[in-house]
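Undergrad: pasted the sequence and its predicted model underneath.
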Amino acid sequence: MEKIAFKPLGTIVTIKGTPKRFMIIARALFSKKNHGTPLYFDYGAVMYPEGMIGSQIVYFQDRDIENVVFEGFDDDENKAILDRIYLDLEHKDVVRCDVEEISKMNRQYVARIPRK
């Protein structure tokens with residue numbers, strides 16, 4: 001898997017396809033939200049300025065970032081955590097999930113749900 005330069009936590013970005021801003025709150029995430037299929041995402045974020053509403057987190061990949069509006073805080077502790085993330089990712093069979101592919105799978109899943 002290609003190594004990306006993770007953005008610091010607190011970074012505010014726009015994502016391709018929406019003018020809404022999001023604040024990064026997590027990096028290198030695994031989610032099983034897609035009907036039990038494990039999915040890997042570079043980032044988890046919340047809407048900005050709204051923040052976390054319930055348990056809503058937006059998952060996306062580094063390549064989905066259109067613009068960095070504000071760069072979060074970066075220091076030696078952050079660099080140490082990133083070193084650990086990179087090391088962990090090297091030892092896992094990780095495939096980045098494609099957001100467009102997930103949308104397609106979700107539409108197919110919904111289409112198979114029996115209607116009453």
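TA: Now that the structure is in, tell me what you want to look at. Numbers count the residues shown, from 1 in each chain.
Undergrad: is Asn67 bridged to anything, and to what?
TA: In this structure, Asn67 bridges to Thr14 when assessed by DSSP bridges.
Undergrad: pull the number of nearby residues for it.
TA: For Asn67, the count of nearby residues is 10 (other Cβ atoms under 10 Å). For every residue, glycine as well, the C-beta is placed using N, CA and C.
Undergrad: okay, now the unreliable bits of the chain?
TA: By pLDDT under 70, the low-scoring segments of the chain are 1, 32-38, 93-95, 99, 101-116.
Undergrad: and the helix or strand containing Ala28, what's buried?
TA: Using DSSP states H and E, the element containing Ala28 is strand 21-34. For strand 21-34, the neighbour count (16 or more other Cβ atoms under 10 Å) marks 21-25, 27-28 as buried.
Undergrad: list the contacts of it.
TA: Under the criterion Cβ atoms under 8 Å, 6 or more residues apart in numbering, residues 6-15, 38-49, 51-52, 57-60, 69, 72, 82, 85, 88-89, 97, 102, 105-106 lie in contact with strand 21-34.
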